[in-house]
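A.B. asks: Structure for the following, please:
(one chain, ligands or ions: 2)
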Amino acid sequence: MALTGTALFPALALAATSGAAALEALPRVERATETPLYAFALADAGPGSDAAAVLGQRLYVDRRLSSDGSVSCDGCHLTYQAFADNGHAEGVHHSPLHRAPPTLFNAMFNATQFWDGRVATLEQQARGPLLNPTEMGNASEAALVARLTEVEEYREAFPRVFGRALSFEDVIAALTAYERRLIGLDAPFDRFIAGDDRALDASAKRGWALFNGRGRCIGCHAYSPANPFFTDQRFHNLGIAAQRTDLRARARQLQALAPAALDRAALSGEDLAELGRFLVTEHPADIGGFKTPTLRNVAMTDPYMHDGSLATLWDVLDHYNKGGTPNPYLDGAIQRLGLSESEIEDLIAFLESLTSDQFSARERPRFYYQRKAAQRRRPERDPDAATGRRGDRGDALPAPVDRSPATLGAF
Ligand code: HEC
Ligand code: HEC
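C.D. replies: Ligands and ions are numbered 1, 2, ... in the order given. A predicted model of the protein is given here:
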């Protein structure tokens, strides 16, 4: 049975009718509740988490969580852009960010958080933006607690929800309780996998076959009914960072970093940020490696990649098609693909089928804008490299055969 947010979380309905804080209805919870991962992720949520989630949603959009009152979580992870950014995110005092804010939708299922996986849990993660000087800029936990305690609504709400006075831990508990409600597996693709053959059009079906076949996408953007998020949760170098930085020279300069320094380096020291997973492990194979992101709702989370450097899905496909950007640490699975223009269109049609119903109205204009931009400019496009007429972008593996879309839906 498909559950709605209200059926699953009756407390949210109560909060909405009490009118206390004019809360928005939380996103609908559809088939995600049926995955084994959901029970696992919610096991961490703790008792009273419904009321905490409502409070967390209030905090999520409140700019008073930042030192100068200018930035909320929502200011960088835009609710209406599937909780990702639009390329214009900035921290307090207009600080530029050297990494792009990923979507928070389904983020509770991430094996690690951040592009370099430097922390494991949502709780550890949330400390980062609150205390990082280029994000929300709070000088200390106590400074944030003091500011929020001045707000009558919070002075009243925290004891009601957590049974004690407002504390830093409980701010985090509320925020993460809300993040654990940002889930959904309600895209056309999910209906297709569940057996509705009409949920995808012919182009998207061909795209799904290419995704599994000659596109070689599934190897990293792994999908299975038990792990339906299109990520292997691992780290790979696609040459995105290598476009601007001499990774080898940077890696030699790196000194071991303490956790707080690591968090700062990841966001404010541009060249260090580009070292990716290496910042965490100091293992040379991890230089310029970044976490495989989920592809859910990807049609509306442009710009793409850890640094937001690719503007459209066409740029992403062009980058893969030519075999990435060569560098000494390029992942072995990245090689030229030789895809035709119509195959690129099919892959993009498939990616668009991963948009959750709750976002589809917002996705359409955003996607249309991307398509227009790609018609004007395709800076990554290099058909000669993609087809092997020029350069050596690898032909190591025999091309897998595209499986018939008809057999792919049936698990
Ligand atoms: C100034 C912009 C900004 C603000 C404000 C901000 N974030 Fe982020 N967030 C980012 C960026 C950039 C990253 C990626 C950083 C990295 O990978 O090093 C990120 C990463 C994350 C991640 C990891 C997701 C993943 O897939 O790995 C989570 C979860 C998250 N933020 C939650 C929050 C919460 C909760 C708040 C509010 C307390 C918040 N963020 C405030 C910019 C921001
Ligand atoms: C070797 C592993 C690997 C393969 C193969 C791969 N990807 Fe990726 N993908 C990644 C990683 C890692 C990133 C993030 C890289 C970065 O930011 O530096 C990424 C990023 C993306 C993004 C951007 C998402 C975002 O939110 O910014 C899209 C879209 C994408 N991949 C689609 C595809 C498609 C389509 C294919 C097949 C043609 C594919 N990927 C093949 C690992 C892979």
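A.B. asks: quick one: pLDDT of R264?
C.D. replies: R264 carries a pLDDT value of 79.
A.B. asks: Can you get me a residue count around it?
C.D. replies: Here the count is done by other CB atoms under 10 Å, and R264 has 19 residues near it. From N, CA and C alone the C-beta is placed, and that goes for glycine too.
A.B. asks: likewise the one 10 residues further on?
C.D. replies: By the criterion of other CB under 10 Å, E274 has 27 neighbours.
A.B. asks: which residue sits closest to it, ignoring its sequence neighbours?
C.D. replies: A241 (3.8 Å; CB to CB, 6 or more residues apart in numbering).
A.B. asks: That neighbour and G276 touch, don't they?
C.D. replies: Yes. Judged on CB atoms under 8 Å, A241 makes contact with G276 at a distance of 6.4 Å.
A.B. asks: Give me the common contacts of the two.
C.D. replies: Here A241 and G276 have G288, F290, H306 as joint contacts, going by CB atoms under 8 Å, 6 or more residues apart in numbering.
A.B. asks: and those as TSV, adding secondary structure, distance to ligand 2 and pLDDT?
C.D. replies: Listed next are the shared contacts of A241 and G276 as TSV, based on DSSP: H, G, I helix; E, B strand; the rest coil; distance: CB to the nearest ligand atom, whole Å; pLDDT from 0 to 100:
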residue	secondary structure	distance to ligand 2	pLDDT
G288	coil	7	92
F290	strand	4	97
H306	coil	3	95
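A.B. asks: and of those residues, the nearest to V61?
C.D. replies: H306 (25.3 Å; CB to CB).
A.B. asks: Next, the residue nearest to S356 when sequence neighbours are not counted: phi, psi?
C.D. replies: Spatial nearest neighbour of S356, excluding adjacent residues (CB to CB, 6+ apart): G184 at 4.4 Å. Main-chain torsions, G184, degrees, to the nearest 10: phi -180, psi 140.
A.B. asks: how near is G184 to L337?
C.D. replies: According to CB to CB, to the nearest Å, G184 stands 30 Å off from L337.
A.B. asks: Identify the residues contacting the closest residue to F168 other than its chain neighbours.
C.D. replies: Closest residue in space to F168, ignoring its immediate chain neighbours: E141 at 3.9 Å, by CB to CB, 6+ apart. Residues near E141 by CB under 8 Å, 6+ apart: L130, L131, F168.
A.B. asks: Contacting ligand 1 as well, which ones from the residues you listed?
C.D. replies: L130 (CB under 6 Å from any ligand atom).
A.B. asks: need the contacts of E141 in JSON lines with pLDDT, neighbour count and distance to D346, can you?
C.D. replies: Converted to JSON lines, those look like this (pLDDT from 0 to 100; neighbours: other CB atoms under 10 Å; distance: CB to CB, whole Å):
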{"residue": "L130", "pLDDT": "96", "neighbour count": "21", "distance to D346": "43"}
{"residue": "L131", "pLDDT": "95", "neighbour count": "21", "distance to D346": "45"}
{"residue": "F168", "pLDDT": "97", "neighbour count": "19", "distance to D346": "49"}
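A.B. asks: Distance check, the residue of the stretch 301-411 of the chain found nearest ligand 1 against D116.
C.D. replies: Distances between the stretch 301-411 of the chain and ligand 1 by CB to the nearest ligand atom are smallest at H306, namely 6.6 Å. The spacing between H306 and D116, counted by CB to CB, is 8 Å.
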